[in-house]
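Peer 1: Fold the stuff below for me.
(chains A and B)
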Amino acid sequence: MNNLELARIFYEIADILEMKEVEWKPRAYRKAAQAIENLSEDVSEIYKKSGIKSLEEIPGVGESIAEKIEEFLKTKHIKTYEKLKRSLPKHLTELMEFQGLGAKRANILYKKLKIKSIKDLEKAAKQHKISKLQSFKIKTEENILKGIELFKKSSQRTLLGIALPIANNLINELKKSKYVNKISVAGSLRRRAETIGDIDILATSSQPQKVMDLFTALPDVKRILAKGSTKSIVLLKNNMQADIRVIEDKSFGAALQYFTGNKEHNIKLRGIAIKKGLKLNEYGISKKEKYISGKTEEDVYKTLGLNYMDPELRENTGEIEASLKNKLPKLVSLKDIQGDFHVHTIESDGNNTIEEMASAAQKLGYEYICITDHSKSTYIAHGLKEDRLLGHIKNIRKLQKKFKIKIFAGSEIDILPDGTLDYPDEILKKLDIVSVSVHSNFKKQEKDATNRIIKALENKYVHILNHPTNRLINEREPLSLDLDKIFKVASENKKILEINSHPNRLDLKDVYIKKAKEYGCKFSISTDAHSTNSLRYMELGVSQARRGWCEKKDIVNALSLKEIEKLFNIK
DNA sequence: GCCGTTTTCGGCCCGACTGTTTTCAGTCG
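Peer 2: A predicted model of the protein is given here:
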C-alpha cells in the first residue's frame, strides 16, 4: 500500500519543483511516480530483496529517488519533500490541477494576486481581478469561471463501462458522414483502462474542417471547449470531455498508435526510432524528412523492429521488451469465452428468473452458465437458507431439461468474518461449483483479512474466489490484504480467482491479474449479472484480463463444457 | 534526477491549440 502514497508524493514534488522553475527534475520525478504507481508489487517487497539496489531497478528510479523511498519505508517521511512543501503555501500546487493553468501561470497568479487555492482563484475571477493583470486578459478570466464549475463536478474519472458506450455512440454518429473515412477511439479508452479521463477519437478525412463542424454539433455535446482545423475538444452532456483529431489516411496507423499511448510507451518507441536514425510522430515514421510508414499500426511497429502489440498491453510495463524477444502473449478475447460462472436470479437479489438468465446466456452463444445466488448471511439480498438452496438446486436440475445450454448449480457463499463459510460442507457437496465472497467486515487489519480469505481457500470444496479485493472503483477501498500470500495459496490449492466484470468492480484489477498469473493462478471472468442485460459486461472483464496479459489458457471459462465438467469433477 | 549498442556528461518526445500573441510562450495530451 506504499506505492500510491509514494507516487502521490513524487508527483507533488514534481509540481513544487516546476513552480520553482527547476528544470528537468519535475520530469524525472513524474516518470518515477508513474512507474511506482504501475508496479504490481509493493515497493516494500522490492526493497526487501536487496535494498536500494533493487529499488534502482524500477525504471526512472535512480540513486536519489531510491534513497527517498528507503527513507519513506523506514520513517514514513521524506525530509526533502517536507522541506519543499514548507517552502510554498499549502494548496498552491492544487492550482496546477486546474485545466489551463500550469506552473508558470499559477506562479504569476500567486505572486501578483496571492492566489493560493482554487477557492482564491474563484474569488479573484469573480471580482475581475485576473483580467486586470498584464498577462491575463478577459478571455482567461471567463475560462477560469467556466472551468471552476466543471472542476467542482468532475474530479473523478469515468468508469470504463460508462465511457465505452458513450464513445461508441459518438463514433457511430460520425461514421454516418461521407466526410469521415476511417475512425477509431484512441487513448485510455482504447487501452481499456478501468477509468477514463476523456474520450479520444481519431478519424481520417480529406475535409477535416467538415468533420470539426460535425463533431462539435453532435447531440451529446454540451459546450465547445476548443475548435481548430484538425483538432477539437468538447464537453459532453454527462460532463466528460471528448477530443477529436483528424489526419490523412497515410498517417492513420501512426496517429492511432500515437494517440493510444500510453505516454511512456510512446516515449520509449520514439527512443527506439531515434536509435535507428528515424523520427516517429503522429504523421508516420520518417527518415530525413522522407515518409517511410504510418498507414497501419502494424507498419509502425514493424518499421521499429517490433511485433504488433494489442492496445491493452501498451503501458510500458514490459511489453516492448517482450516484443523484442518475441514473447508477447496471445491475449484471450471475448469470442474465447464459453460461459459465465457468476449470475444472480430473482431467488436472491437478481431481476430475472433462472430460465431468463439461461436463455439470455444461450443467445450469447455460451455452452454453460452457473447460477450463483447469495447465501443466507447476505440477508439484505435475500440470501438463501439451506432448505431454500436445496429447493433452488432441485429447480435448476428440473429446468435443465428445457435447455441446450448447461446450467450449473452454484452459489455465491459468504466468507464469514472468521473465515468459515456460510454453508456446511454437506451442502457445498451438493453444488456443482462453489464460489466464495467477502460481503461484510471490510475494515479488518491486513493479517486478519488475509487469514480470513486463506482459510476459505483451504476448504477443499471451494472452487472460485469472487471479487478478491472487494473494491468499488471511486467508492470503496479494497480490503487490506497480503495479495502475494493469497495468490500463493490460491495457486497451490488450485483455486480460481474471479475477474469480476461489473463496471464498478473490475476485481481483480489488471496489475494484480498479471501478478497472480506469475504465481500460476487461473482465472474465471464473470459478470456478476443481476439481470439479463448485464451479461454483456463480459467484455469489460475480458479487457481487464487482457490488460493483465492473460491468454486463453489462463481463463477457466474459455474451456469447453466437457473440459469444465472434468476440471470440477461434475457428473 | 535519470540514463547510456552514439554518451558517465549532456541530453531529456513532439506537435496542436489558445491567447498571454502578430511570431511566441504556455499548456495539454
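Peer 1: With adjacent residues omitted, what lies nearest to the residue nearest the centre of chain A?
Peer 2: Centroid-nearest residue in chain A: residue A:194, 2.4 Å away (criterion: C-alpha atoms, centre = their mean). Nearest residue to residue A:194, sequence neighbours excluded (C-beta to C-beta, 6 or more residues apart in numbering): residue A:506, at 4.8 Å. Heads up, the C-betas are built off the backbone N, CA and C, glycines and all.
Peer 1: and what of residue A:247?
Peer 2: Distances taken as C-beta to C-beta, 6+ apart put residue A:255 closest to residue A:247, at 4.7 Å, once the chain neighbours are dropped.
Peer 1: before we move on, which element is that neighbour in?
Peer 2: In this assignment (DSSP states H and E), residue A:255 forms part of helix A:252-260.
Peer 1: try residue A:53
Peer 2: With DSSP H and E as the criterion, residue A:53 is inside helix A:43-55.
Peer 1: swap in residue A:356?
Peer 2: Of the helices and strands defined by DSSP H and E, residue A:356 is found in helix A:354-363.
Peer 1: Which other helices and strands does that helix contact?
Peer 2: strand A:339-343, strand A:368-374, helix A:386-400 (3 or more C-beta pairs under 8 Å, 6 or more residues apart in numbering; DSSP states H and E).
Peer 1: Same list (those) but as JSON lines, adding mean pLDDT and distance to residue A:499.
Peer 2: Output for the helices and strands packed on helix A:354-363, formatted as JSON lines (pLDDT from 0 to 100; distance: least, C-beta to C-beta, whole Å):
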{"stretch": "strand A:339-343", "mean pLDDT": "96", "distance to residue A:499": "10"}
{"stretch": "strand A:368-374", "mean pLDDT": "95", "distance to residue A:499": "15"}
{"stretch": "helix A:386-400", "mean pLDDT": "93", "distance to residue A:499": "24"}
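Peer 1: In CSV, list the C-alpha atoms belonging to the helix holding residue A:356.
Peer 2: Extracted C-alpha coordinates of helix A:354-363, given in CSV (Å, rounded to 0.1, in the frame of the first residue of the first chain):
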residue,chain,number,x,y,z
ILE,A,354,-33.3,-18.9,-14.0
GLU,A,355,-34.9,-19.5,-17.3
GLU,A,356,-34.4,-15.9,-18.4
MET,A,357,-30.8,-15.9,-17.4
ALA,A,358,-30.1,-19.3,-19.1
SER,A,359,-31.9,-18.3,-22.2
ALA,A,360,-30.0,-15.0,-22.5
ALA,A,361,-26.7,-16.8,-22.0
GLN,A,362,-27.7,-19.3,-24.7
LYS,A,363,-28.3,-16.4,-27.0
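Peer 1: residue ranges with poor pLDDT in chain A?
Peer 2: Along chain A, segments meeting pLDDT under 70 span A:152-155.
Peer 1: Counting residues, which helix of it comes out longest?
Peer 2: In chain A, with assignment by DSSP state H, the single longest helix is helix A:2-19.
Peer 1: Where do the helices of the stretch 51-200 of chain A begin and end?
Peer 2: Taking DSSP state H, counting those that start in this stretch, the helices of the stretch 51-200 of chain A run over residues A:63-75, A:79-86, A:103-113, A:118-126, A:138-153, A:160-175, A:187-190.
Peer 1: Using a markdown table, lay out these together with mean neighbour count and distance to residue A:361.
Peer 2: Shown next, in a markdown table, are the helices of the stretch 51-200 of chain A (neighbours: other C-beta atoms under 10 Å; distance: least, C-beta to C-beta, whole Å):
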| stretch | mean neighbour count | distance to residue A:361 |
| --- | --- | --- |
| helix A:63-75 | 17 | 48 |
| helix A:79-86 | 13 | 53 |
| helix A:103-113 | 18 | 53 |
| helix A:118-126 | 18 | 48 |
| helix A:138-153 | 15 | 38 |
| helix A:160-175 | 17 | 19 |
| helix A:187-190 | 22 | 27 |
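Peer 1: Adding distance to DNA strand B as columns, could you present those in JSON lines?
Peer 2: Shown next, in JSON lines, are the helices of the stretch 51-200 of chain A (distance: least, C-beta to the nearest atom of the strand, whole Å):
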{"stretch": "helix A:63-75", "distance to DNA strand B": "3"}
{"stretch": "helix A:79-86", "distance to DNA strand B": "7"}
{"stretch": "helix A:103-113", "distance to DNA strand B": "3"}
{"stretch": "helix A:118-126", "distance to DNA strand B": "12"}
{"stretch": "helix A:138-153", "distance to DNA strand B": "3"}
{"stretch": "helix A:160-175", "distance to DNA strand B": "14"}
{"stretch": "helix A:187-190", "distance to DNA strand B": "6"}
